[in-house]
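Trainee: task: produce atomic coordinates for the following.
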Amino acid sequence: MRTDLQRLLPICLCLTSVLCGAEELRWGYSPSNGMPYVESIDHELAHGFVRDLGERVGQLLKLEVRFIETPDKRVETSLQQGNIQLLCINNPQWMSAPEKLRWSPSLFEEEDVLAQRGDAPSFDTLDALHGHTLGTSLGYVYPPALMEAFASRAIHRNDVRNLETRLRMLEHKRLDAIVDMRRPLQFLLEEHPDLAIRINPGALQRYSIHCSYGPTLPVPVEHFDAALQKLVDDGSIQRMLARQGQLLRQRR
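Mentor: From the prediction side, this is the model:
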């Protein structure tokens, strides 16, 4: 009887996981992305589009996905050294050496926009921001004209650790405006309707969002491209994005 139990134990342990025996995929994520993309609690990926996407890709490719929090300034090194093997919510222009990474098909479009207090005159152009302080994300690369204005100190760049803190600093007049991706801004303002802050309608720049691959993927890069393209083509990506807003409204 004891021998039978010893033989059965590994089988029982295996059956506790659908992906028992699957290869591991180290999927990086940046906590600075914010919702609807990422919600990190105690350095663990709890919710968001990235988690939904990673779990779906893991199912399609029969990989066990381990999500690893990766600060923006460490993304390139972590990918190249294999600490993480893939990271989404990325774009080649944000990397110092994008040619050293492989890039997925475009997942969806995003844009950088300005937000400011509702009672402040609108900053309709970058020139209108001259002499003002703009809340930014540490290590983030913005449109060339804005980066030039930072370099010349025509606009003062103030790097703040996360978007929610930037919004609170803006509310308390410690910043004149902030710049961020439209979806995270919209998500947070919907989550905090008490904030008297508006998003300017125009975009500073529009760009595609991709996944970036390091050199140590557990299966060929073409398999990832095919899986992600399938999710784009069948509408899954857009449904995942929409789901985050629906979950927010259910919580409120």
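Trainee: C-alpha from now on. contacts and neighbour counts both.
Mentor: Noted.
Trainee: what is the single longest helix found in the chain packed up against?
Mentor: Looking across the chain with DSSP state H, the single longest helix is helix 236-251. Applying 3 or more C-alpha pairs under 8 Å, 6 or more residues apart in numbering; DSSP states H and E, we find helix 236-251 packed against helix 49-61.
Trainee: roughly how far out does the helix it packs on sit from the chain middle?
Mentor: 14 Å (C-alpha atoms, centre = their mean, to the nearest Å).
Trainee: ok, back up a step: can you list contacts of the longest helix of the chain?
Mentor: 35-37, 48-49, 52-53, 107-108, 187, 191, 231-232 (C-alpha atoms under 8 Å, 6 or more residues apart in numbering).
Trainee: any of these buried? List them.
Mentor: With burial judged by 16 or more other C-alpha atoms under 10 Å, the buried subset of these is 35-37, 48-49, 52-53, 107, 187, 231-232.
Trainee: what's the most distant pair in the residues you listed?
Mentor: Phe187 and Leu231 (22.8 Å; C-alpha to C-alpha).
Trainee: roughly how far out does stretch 206-220 sit from the chain middle?
Mentor: That offset, for stretch 206-220, works out to 13 Å (C-alpha atoms, centre = their mean).
Trainee: that one: end-to-end distance?
Mentor: Start and end residues of stretch 206-220 are separated by 30 Å (C-alpha to C-alpha, to the nearest Å).
Trainee: which of the residues in that stretch are buried?
Mentor: In stretch 206-220, counting by 16+ other C-alpha under 10 Å, buried: 209-217.
Trainee: just checking, Glu44 touches Glu69?
Mentor: Yes. With contact defined as C-alpha atoms under 8 Å, Glu44 reaches Glu69; the gap is 6.9 Å.
Trainee: ok, those two, which is more surrounded?
Mentor: Set Glu44 next to Glu69 and count neighbours by other C-alpha atoms under 10 Å: Glu69 wins out with 18 against 14.
Trainee: would you mind measuring from the more buried one to Tyr37?
Mentor: From Glu69 over to Tyr37 (counting by C-alpha to C-alpha), the distance is 13 Å.
Trainee: spatially nearest residue to Asp225 (excluding sequence neighbours)?
Mentor: For Asp225, ignoring the flanking residues on the chain, the nearest one in space by C-alpha to C-alpha, 6 or more residues apart in numbering is Ser104 at 5.6 Å.
Trainee: can you check Leu25 too?
Mentor: Val65 (4.7 Å).
Trainee: the helix or strand hosting that neighbour vs helix 49-61, what angle?
Mentor: Per DSSP states H and E, Val65 falls inside strand 63-69. Angle, strand 63-69 to helix 49-61, by axes from the mean of the first three to the mean of the last three C-alpha atoms, to 10 degrees: 160 degrees.
Trainee: for strand 63-69, which strands pair with it and how are they oriented?
Mentor: The strands that strand 63-69 pairs with in its sheet are strand 23-29 (parallel) (by DSSP bridges).
Trainee: can you get me a residue count around Arg161?
Mentor: 14.
Trainee: does it count as helix, strand or coil?
Mentor: Following DSSP: H, G, I helix; E, B strand; the rest coil, the label given to Arg161 is coil.
Trainee: so who does it touch?
Mentor: So Arg161 contacts 32, 137-138 (C-alpha under 8 Å, 6+ apart).
Trainee: quick check, nearest of those residues to Val179?
Mentor: Ser137 (8.4 Å).
Trainee: what's the closest non-adjacent residue to the closest one?
Mentor: Ser137 sits nearest to Asp159 (C-alpha to C-alpha, 6+ apart), 5.1 Å away.
Trainee: what separates that neighbour from Lys62, distance-wise?
Mentor: Asp159 is 39 Å from Lys62, by C-alpha to C-alpha.
Trainee: from the chain's centre, how far out does stretch 226-241 sit?
Mentor: Using C-alpha atoms, centre = their mean, the offset of stretch 226-241 from its chain centre is 16 Å.
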